[in-house]
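# My questions concern the predicted model and sequence given below.
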Amino acid sequence: MERNYPVTRNSLRLLCSPKAHLVFLCVLTAGCSHTPDKGTGATPPPAAAPAETEISVAPEAASTIRVERATLQPERIELRLPGKIQYDDDRYSRIASPVVGRIIEIKAKLGDRVAAGDPLLVIESPEIGTAYADYAKANSDLATARHALDLARDLFAGKALARKDLQEAENDANKAEAEFSRAQERLSNLHVPMDELNKPVDQQRIRSTFSLRSPISGAVVERNATLGLTVGNDPAQNLFTVADLSRVIAVADLSEKDLTHVAPGQTVRITTESYPDMTFTGRVAYISDLVDPNTRTVKLRCRVENSSRRLKPEMFARIDLTITQQGPPLPAVPLSALLHEGNQYVLFVRTGPNRFVRRIVSPRTISGSTAMIREGVQAGDEVVTDGALLLDNLSNNPA
């Protein structure tokens, strides 16, 4: 049932009063305000600071704020790869005995520096005596075969010998020549002095000892030889390891997505836990042609000069590469200028004496201690590198 209420002079005066307006405004505001979700209890997030907020600070506070100018630089990417130090394969040798025998003298110790051809140990080997006996027999057979060939040629010239007999004598001489060369080469491989072999047989003095010599120059980094040890013709029996550590190899795993950024010849920087304040310079020497199916990486080998011999094989290392991207240069700012707020980055730019503005920026790349900015900063802007937190607090909590 509809009811009509009469409008009296007093009620009209009440509706038009300022107090009635205030009550009406409060009701309207309450009706339009956001009500938290009763199921989650979530409250609306506080309003974010505007993209650009100009801030004025007292001269005393401004004197503690440090700024640097943004500069245009080519875009660079920094790769930091974990790796380790290894021997340079071209300057590293594991040495075994090529003869069977017994060690009777050791001439090199751990840490000794040796030149290519220096003796490391001496082996008494009956194999040398056997090889020399073969050589002496081959030398005698060769002399006999040559004499027979000369006689056959004379007889053939006098038509006293058939051609096939001459050819047979020539074949025997060739076989004796080949056998003599083989026996002589065998003694040479056993390091028997050629001076002795060039002497007449009755004047040769060949000892049944073998000197194991270093094939390269370097330092003795491993020794497994002891006096009296019996050695054999076994390549797996490593007696000495000699390495030239003036150059080493740094090895790392390179992700296949970064293959296009790396090429042989690029400069790399090597750092280690042992020498945190030192940086060693090297170059990319080899990028493997094979991708590891488990890690989706390829082996990267970098050649590093190591004249100080500080870098040791099997030492863990970090390999840093700086890659310059193609394209126009971008404004670069120190990484200390950026503040990370939620899913965005902000920084502060000085616009005048004691005046700063807050800007949201879009970094393209963050590499090392530098950020390349795509939007929000121009070359020449004075960005705050020390004091940004103070300005950020002032922009979010203005007086």
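Received, thanks.
# ok, for Ala131, nearest residue in space, not its chain neighbours?
Take Ala131 and drop its neighbours on the chain: the residue closest to it by CB to CB, 6 or more residues apart in numbering is Arg186, 4.9 Å away. To be clear about C-beta, it is placed using only N, CA and C from the backbone, and glycine gets the same treatment.
# where does the one you found land on pLDDT?
On the pLDDT scale, Arg186 is placed at 86.
# mind checking how far it is from Val100?
Computed with CB to CB, to the nearest Å, the distance linking Arg186 and Val100 is 14 Å.
# Report how many residues lie close to the residue nearest to Ala131.
Summarising burial for Arg186: neighbours were counted as other CB atoms under 10 Å, giving 18.
# what's the answer for Ser214, then?
Counted with other CB under 10 Å, residues neighbouring Ser214 total 20.
# list the contacts for it?
Under the criterion of CB atoms under 8 Å, 6 or more residues apart in numbering, the neighbours of Ser214 are Ser93, Ile95, Ala108, Val114, Ala115, Ala116, Gly117, Asp118, Leu120, Phe240, Val242.
# Likewise for Thr281?
Shown here is Thr281, whose contacts under the criterion CB under 8 Å, 6+ apart are Thr267, Val268, Arg269, Ile270, Val304, Glu305.
# Which members of the residues you listed occur in strands, if any?
Secondary structure assignment (DSSP state E) places Thr267, Val268, Arg269, Ile270, Val304, Glu305 from these within strands.
# Just the buried ones out of those residues, please.
Buried subset of the ones in strands among the contacts of Thr281 (neighbour count, 16 or more other CB atoms under 10 Å): Val268, Arg269, Ile270, Val304.
# want to try JSON lines for the contacts of Ser214, with pLDDT and neighbour count as columns?
Formatted as JSON lines, the entries for those read as follows, by pLDDT from 0 to 100; neighbours: other CB atoms under 10 Å:
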{"residue": "Ser93", "pLDDT": "95", "neighbour count": "18"}
{"residue": "Ile95", "pLDDT": "95", "neighbour count": "24"}
{"residue": "Ala108", "pLDDT": "95", "neighbour count": "20"}
{"residue": "Val114", "pLDDT": "96", "neighbour count": "19"}
{"residue": "Ala115", "pLDDT": "96", "neighbour count": "10"}
{"residue": "Ala116", "pLDDT": "95", "neighbour count": "12"}
{"residue": "Gly117", "pLDDT": "92", "neighbour count": "12"}
{"residue": "Asp118", "pLDDT": "95", "neighbour count": "15"}
{"residue": "Leu120", "pLDDT": "96", "neighbour count": "21"}
{"residue": "Phe240", "pLDDT": "96", "neighbour count": "24"}
{"residue": "Val242", "pLDDT": "97", "neighbour count": "26"}
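# Would you map the helices across the chain?
Taking DSSP state H to define them, one finds helices in the chain at 9-15, 18-32, 59-62, 126-157, 163-189, 194-197, 388-396.
# Quick one, which of these gets closest to Leu311.
The closest of the helices of the chain to Leu311 is helix 163-189. By CB to CB, the value is 35.4 Å.
# Please point out which parts of the closest one sit buried.
Leu166, Ala169, Asp172, Ala173, Ala176, Glu179, Phe180, Ala183, Gln184, Arg186, Leu187.
# which one of the helices of the chain lies closest to Ser217?
helix 163-189 (20.9 Å).
# helices and strands around that closest one, which ones?
Based on contacts counted as 3 or more CB pairs under 8 Å, 6 or more residues apart in numbering; DSSP states H and E, the elements that helix 163-189 packs against are helix 126-157, helix 194-197.
# can I assume Lys312 is in contact with Gln86?
No. Lys312 is not in contact with Gln86 according to CB atoms under 8 Å; the separation is 10.2 Å.
# could you list every residue that touches Gly380?
With CB under 8 Å, 6+ apart, Gly380 has these contacts: Arg69, Ala70.
# Would you quantify the distance from it to Asp320?
As for Gly380, its distance to Asp320 is 29 Å (criterion: CB to CB).
# Give me the average confidence score over stretch 259-277.
For stretch 259-277, the per-residue pLDDT values average out at 91.
# What is the neighbour count of the closest residue to Leu347 other than its chain neighbours?
Spatial nearest neighbour of Leu347, chain neighbours left out: Ala337 (4.8 Å); criterion: CB to CB, 6+ apart. The criterion is other CB under 10 Å. On that basis, Ala337 has 25 neighbouring residues.
# Local confidence estimate at Ala337?
Model confidence at Ala337, given as pLDDT, is 91.
# and the gap between it and Leu190?
Spatial separation of Ala337 from Leu190 under the definition CB to CB is 71 Å.
# Kindly reformat the ones in strands among the contacts of Thr281 as JSON lines containing distance to Thr295.
Rendered in JSON lines, the data for these read as follows (distance: CB to CB, whole Å):
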{"residue": "Thr267", "distance to Thr295": "25"}
{"residue": "Val268", "distance to Thr295": "20"}
{"residue": "Arg269", "distance to Thr295": "23"}
{"residue": "Ile270", "distance to Thr295": "21"}
{"residue": "Val304", "distance to Thr295": "23"}
{"residue": "Glu305", "distance to Thr295": "29"}
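# what's the closest of the residues you listed to Leu254?
Closest to Leu254 out of the ones in strands among the contacts of Thr281 is Val268 (11.1 Å), distances taken as CB to CB.
# Let me know whether that closest one touches Gly282 as I believe.
Yes. Val268 lies in contact with Gly282 (CB under 8 Å); the separation is 5.0 Å.
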